[in-house]
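K.L.:
quick check, what structure comes out for this input:
(one chain, ligands or ions: 2)
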Amino acid sequence: MYQKESGWKAADSALKTRIYDFAEGYKTFLDAAKTERAAVAESVRLAKAQGFVDAETKDSFKPGDKVYFVNRHKNVLLAVIGEEPVEAGIHFVIAHIDCPRVDIKQNPAYCDSGLALLKTHYYGGIKKYQWTAIPLALYGVVLTKDGKRIEVSIGDKEGDPVFCITDLLPHLATEQMQKKATEIVAGEALNILVGSLPAEDCEKDAEKEALLALLGERYGISEEDFLSAELEAVPAYNARDLGFDRGMIAAYGQDDRVCAYTGLQAIFDLENPAKTAVCVLTDKEEIGSMGNTGMRSAFFEYAIAVLLEKTTGQYHELMLKRTFRNSKCLSADVAAGFDPTYPETHDKLNATFMGRGVAITKYTGSRGKGGTSDANAEFLFDVRRCFDAEEVFWQCGEMGKVDFGGGGTIAQYVANLDMEVVDCGVPLLSMHAPMEVASKLDVYMAYRAYKAFFETFGK
Ligand code: MN
Ligand code: MN
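P.N.:
Ligands and ions are numbered 1, 2, ... in the order given. Next up is the predicted model:
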């Protein structure tokens, strides 16, 4: 009989220590990587410390070289050049570093009834009501008229103020509470409260005037500069241990920075691999992987083309096509952990459970596997054999019950390039909420899985 049970039962004390130690680095990463831009900066900082260099600064690559490509501050591709030619195929681990959040609009500032607020447009699949009445931090970049670039980060540092989206008091919410959950908080009601002091000698819009004066004085930002700015509101709290036993982590942004961090750690461990290893931390997954920083962008193919050209001194299209055809990929994205409070949404035989290890999801999609890449049995078998040989704790499961909803990942776009690919990541509870939950055991096993994939897959 094929037994499925908690990985904690099988973990000896030495393994438990490794699991808990690994989680400390992960929490630090989450706190430093609240947005995709911050995640890129932190990943590059960590990569440089591991000997990775900017790929564009080198004329040629040789086996063992560690290089990275940054694309428009929002996604990054790291490679360790293998002993075999790149054309023999690459082992990819691809995670995303964008997360659901609330973006500031281009004409955001207004005041009403003595309060200064910012208009927003949410990003990704959120339950809007979850984003009210929690502390928010503001991150992003503002390019000012006088040519300055201002990196904004307010709300997470000790002593910083925070911001918030207000909600209606229950006493006056009789009508609101009758609404469908999708309408309880309207999209246009996600207004962020940012100030309350009026400007002196100001008849009209005094709080907005005061806000703009403050932004001008402190940061050199004018109202017009919002037009080209990119500002994101994210939860203003750090990652914490969850539970009396501290076996889980509660934090914002674990979908999918959990797979980003574990993928990074796995590629950092590599020395002189046989096959070239590539870890991609992509952007825009939560809105369909479009745009020039998402997985459907030609940037991905560009970077692989550069790997080919700088390892061989030549390039033609067939080399790139052969490379993809010979490549294997783990689409490193989170899974929906079984939640005992909502058992009706899962088929228990085919769910992924917290603490049972990294989750392999053969296919995602919805309504009869619509919009997915369904991994091939032969590839799945090779992954299974690799994980078993390396004593990775892993499990197999679907996102939820058939016809209960669904979702997609980057796997389909990778598959379209003619690669073998399967989804493989950490099960979460409360996915896409401002605070998501992961098991430390599963986080560690994701790292072990990606490491095994880079080091011994196909051997
Ligand atoms: Mn995801
Ligand atoms: Mn997601």
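K.L.:
number of nearby residues for Arg72?
P.N.:
Burial of Arg72 is recorded as 13 neighbouring residues (other CB atoms under 10 Å). C-betas here are computed from N, CA, C, even on glycine.
K.L.:
Asp442 and ligand 1, how far apart?
P.N.:
15 Å (CB to the ion, to the nearest Å).
K.L.:
who does Ala116 bridge with?
P.N.:
Cys111, Gly195 (DSSP bridges).
K.L.:
against Ile19, how distant is Leu143?
P.N.:
43 Å (CB to CB, to the nearest Å).
K.L.:
correction: Asp167
P.N.:
Asp167 is 37 Å from Ile19, by CB to CB.
K.L.:
okay, the residue in the stretch 151-300 of the chain that ligand 1 sits nearest to: pLDDT?
P.N.:
Distance from ligand 1 to each residue of the stretch 151-300 of the chain (CB to the ion) is smallest for Asp256, at 3.9 Å. Per-residue pLDDT puts Asp256 at 97.
K.L.:
name the element it belongs to?
P.N.:
Assigning secondary structure by DSSP states H and E places Asp256 in helix 254-268.
K.L.:
send me that helix as CSV with only the CA atoms.
P.N.:
Taking C-alpha atoms only, helix 254-268 is exported to CSV below (Å, rounded to 0.1, in the frame of the first residue of the first chain):
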residue,chain,number,x,y,z
GLN,A,254,4.8,33.3,0.0
ASP,A,255,3.1,32.6,-3.3
ASP,A,256,5.6,32.5,-4.8
ARG,A,257,8.6,33.8,-3.0
VAL,A,258,8.8,30.5,-1.2
CYS,A,259,9.7,28.8,-4.5
ALA,A,260,11.9,31.7,-5.5
TYR,A,261,14.0,31.5,-2.3
THR,A,262,14.3,27.7,-2.3
GLY,A,263,15.2,27.8,-6.0
LEU,A,264,17.9,30.3,-5.3
GLN,A,265,19.3,28.3,-2.5
ALA,A,266,19.4,25.2,-4.7
ILE,A,267,21.3,26.9,-7.5
PHE,A,268,23.7,28.5,-5.0
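K.L.:
which strands and helices sit next to the next helix or strand after it?
P.N.:
Next helix or strand after helix 254-268 toward the C-terminus (DSSP H and E): strand 276-282. On a contact count with 3 or more CB pairs under 8 Å, 6 or more residues apart in numbering; DSSP states H and E, strand 276-282 meets helix 36-49, strand 75-80, strand 90-96, helix 254-268, helix 299-312.
K.L.:
the third one - what's its average pLDDT?
P.N.:
Just to be clear, that refers to strand 90-96. 98.
K.L.:
related to what we said a few turns ago, now the helices and strands packed on strand 276-282 as a markdown table including mean neighbour count and distance to Gly25?
P.N.:
Putting these into a markdown table (neighbours: other CB atoms under 10 Å; distance: least, CB to CB, whole Å) gives the following:
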| stretch | mean neighbour count | distance to Gly25 |
| --- | --- | --- |
| helix 36-49 | 20 | 9 |
| strand 75-80 | 27 | 17 |
| strand 90-96 | 27 | 16 |
| helix 254-268 | 27 | 7 |
| helix 299-312 | 20 | 26 |
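K.L.:
between the ones you listed, which one is closest to Tyr342.
P.N.:
Each of the helices and strands packed on strand 276-282 was scored for nearness to Tyr342 using CB to CB, and the closest is helix 254-268 (17.3 Å).
K.L.:
which residues sit in contact with Glu87?
P.N.:
Leu308, Thr312, Met319, Arg322, Thr323, Asn326 (CB atoms under 8 Å, 6 or more residues apart in numbering).
K.L.:
looking at Asp167 and Ile19, which is more packed in?
P.N.:
Ranked by neighbour count (other CB under 10 Å), Asp167 and Ile19 place Ile19 first, with 22 against 16.
K.L.:
for that one, which non-adjacent residue is closest in space?
P.N.:
Tyr444 (4.3 Å; CB to CB, 6 or more residues apart in numbering).
K.L.:
tell me which element the one you found is part of?
P.N.:
helix 440-456.
K.L.:
residue ranges in the stretch 1-150 of the chain under the pLDDT threshold?
P.N.:
1, 3 (pLDDT under 70).
K.L.:
for the closest residue to ligand 1 within it, list each beta-bridge partner.
P.N.:
The stretch 1-150 of the chain approaches ligand 1 most closely through His96 (5.7 Å), counting by CB to the ion. Beta bridges link His96 to Thr282, judged by DSSP bridges.
K.L.:
next: Leu330.
P.N.:
Val93, Val422.
K.L.:
try Ala79
P.N.:
Val67, Val278.
K.L.:
quick one: average pLDDT of stretch 445-454?
P.N.:
On average, stretch 445-454 scores 98.
K.L.:
can you tell me what sits against that stretch?
P.N.:
7, 22, 80, 91, 93, 258-259, 262-263, 265-267, 269-270, 273, 277, 279, 328, 330, 332, 357-358, 383, 386-387, 389-394, 424-426.
K.L.:
can you pull the contacts of Asp59?
P.N.:
So Asp59 contacts Lys310 (CB under 8 Å, 6+ apart).
K.L.:
helix, strand, or coil at it?
P.N.:
Assigned state for Asp59: coil (three-state reduction, DSSP: H, G, I helix; E, B strand; the rest coil).
K.L.:
excluding chain neighbours, what is closest to the closest residue to ligand 1 within the stretch 351-459 of the chain?
P.N.:
With CB to the ion, the shortest gap between the stretch 351-459 of the chain and ligand 1 falls at Thr409, namely 6.3 Å. Spatially, and ignoring its direct neighbours in sequence, Thr409 is nearest to Asp333 (4.5 Å; CB to CB, 6+ apart).
K.L.:
how close does the one you found get to Met399?
P.N.:
Counting by CB to CB, the gap from Asp333 to Met399 is 11 Å.
K.L.:
sort out which one of the contacts of Glu87 lies nearest Lys179 for me.
P.N.:
Among the contacts of Glu87, and counting by CB to CB, the member closest to Lys179 is Thr323, at 52.0 Å.
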